[in-house]
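1. what follows is a predicted structure for the sequence shown.
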Amino acid sequence: MAGYFKLVDAHDDGFRVKLTAPDGTLVAVSTYYASKEEAVAGIELIREIAGTGPVVDHSRVESREHAALMDGLRTSPRQEGAVRDRA
C-alpha cells in the first residue's frame with residue numbers, strides 16, 4: 001500500500017492534511033486550511049510538488065559524504081530527463 005493523505009480537523013475550526021507513510025508513520029503536517037475545498041487543493045499541490053520539486057538544502061554541510069548525498073538528490077535521473085525534454 002502507498003502512503004496516504006489524511007484530512008483532519010484543526011483546533012481552530014479549519015483543516016490540516018497529514019501525509020502518512022504506508023506503515024502509519026507521520027511524515028508531514030500541512031499548513032492551516034479554512035475549508036475542505038482549500039485542503040483538497042492543497043493535497044493536489046503537494047502531489048505535484050512532491051513528484052517534481054527539487055531538494056533545496058539550506059542546512060550546513062557536515063561532511064563530504066553529506067555533500068555527495070545532496071548532489072545525488074539534486075540531479076536524479078528523473079529530473080535530468082525532464083530538463084532534456086524541455087530543451
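-> Perfect, thanks for sending it.
2. please count neighbours and contacts with C-alpha atoms only from this point.
-> OK.
3. hmm, residue 4 is touching residue 21, no?
-> Yes - under the contact definition of Cα atoms under 8 Å, residue 4 touches residue 21, with a separation of 6.6 Å.
4. and the lengthiest helix in the chain, which residues are buried?
-> When secondary structure is assigned using DSSP state H, the longest helix within the chain turns out to be helix 36-52. Taking 16 or more other Cα atoms under 10 Å as the neighbour-count basis, helix 36-52 is seen to contain the buried residues 36, 39-40, 42-43, 46.
5. what's it in contact with?
-> 5, 7, 14-17, 33, 79 (Cα atoms under 8 Å, 6 or more residues apart in numbering).
6. same thing with stretch 56-67?
-> With Cα under 8 Å, 6+ apart as the criterion, stretch 56-67 contacts residue 70.
7. distance from the chain centre to it, please.
-> When distances are taken as Cα atoms, centre = their mean, to the nearest Å, stretch 56-67 is centred 19 Å away from the chain's centroid.
8. pLDDT of it, averaged?
-> In this model, stretch 56-67 carries a mean pLDDT of 78.
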